[in-house]
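Engineer: Build me a model from this:
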Amino acid sequence: MHIIRRLEQILTNLRPVFSRHATYEWFVILIWGIFLCNQHRAVTSYRLAVGLTQHYYTQHWFHSQGISAQKLSIAWHKWLITHPKVHRLRGQPVYVGDGIKVGKEGKKMPAVKKLHNESENVTKSEWMGGHYFGALALLLEVGYFF
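Structural biologist: Residues are numbered from 1 along each chain as shown. Have a look, this model is predicted:
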């Protein structure tokens, strides 16, 4: 029960970022879908984990003007940085980052960009079309997050 209350506290802390209450409620449903998912990790799996049909995915998720991903990221960061287990080096929080480039053949796919290929294999071209997936994490010391 403790983890449920803690998650609700975190989500409530993010509420001011949403300009519409309905958008916030859909966000909460999505987060619970992520936590409850026991299948391959994907949006469809999250939707199924909370018992929603295909109709809800196309009608409500990711199409709202009631939220800005940038504002949500900033609010999440502000909350995280206050956590007592944030690892600090010379007083500054420590971040860990990683990224991967995935080549795509399609010319009209959303978010396909021209990416530099760092491969040392000379048979591969220097540039490729593809998606870049990046992650940035805040390093926490040993201890319970929740």
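Engineer: can we go C-alpha only for contacts and neighbour counts from here?
Structural biologist: Fine.
Engineer: Spell out which residues make up each domain of the protein.
Structural biologist: 1-67, 83-146 (automatic domain parsing).
Engineer: State the distance from residue 116 to residue 5.
Structural biologist: 45 Å (Cα to Cα, to the nearest Å).
Engineer: does residue 30 belong to a helix or a strand, and which?
Structural biologist: helix 21-36 (DSSP states H and E).
Engineer: likewise residue 46?
Structural biologist: Element membership for residue 46, per DSSP H and E: helix 43-49.
Engineer: which strands and helices sit next to the lengthiest strand in the chain?
Structural biologist: The longest strand of the chain (DSSP state E) is strand 127-138. Helices and strands touching strand 127-138, by 3 or more Cα pairs under 8 Å, 6 or more residues apart in numbering; DSSP states H and E, are strand 95-103, strand 113-116.
Engineer: Now do the helix holding residue 30: distance to the chain's middle.
Structural biologist: For helix 21-36, the separation from the chain centroid amounts to 13 Å (computed by Cα atoms, centre = their mean, to the nearest Å).
Engineer: With stretch 131-146 instead?
Structural biologist: Distance, centroid of stretch 131-146 to centroid of chain: 11 Å (Cα atoms, centre = their mean).
Engineer: contacting residues around it?
Structural biologist: 2-3, 6-7, 80, 85-87, 93-104, 111-113, 115 (Cα atoms under 8 Å, 6 or more residues apart in numbering).
Engineer: now could you export just the CA positions of it as PDB?
Structural biologist: As requested, C-alpha coordinates have been extracted for stretch 131-146 and formatted as PDB (Å, rounded to 0.1, in the frame of the first residue of the first chain):
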ATOM      1  CA  HIS A 131      15.300   7.700 -34.900                       C
ATOM      2  CA  TYR A 132      17.400   8.800 -31.900                       C
ATOM      3  CA  PHE A 133      16.300   7.500 -28.600                       C
ATOM      4  CA  GLY A 134      18.000   9.200 -25.700                       C
ATOM      5  CA  ALA A 135      17.700   8.800 -21.900                       C
ATOM      6  CA  LEU A 136      18.900  10.900 -19.100                       C
ATOM      7  CA  ALA A 137      18.700   9.700 -15.500                       C
ATOM      8  CA  LEU A 138      19.500  11.300 -12.100                       C
ATOM      9  CA  LEU A 139      21.800   9.000 -10.100                       C
ATOM     10  CA  LEU A 140      20.400   8.000  -6.700                       C
ATOM     11  CA  GLU A 141      22.300   6.600  -3.800                       C
ATOM     12  CA  VAL A 142      21.400   3.200  -2.400                       C
ATOM     13  CA  GLY A 143      18.000   3.400  -0.600                       C
ATOM     14  CA  TYR A 144      14.400   3.200  -1.300                       C
ATOM     15  CA  PHE A 145      13.000   5.700  -3.900                       C
ATOM     16  CA  PHE A 146       9.500   5.300  -2.600                       C
END
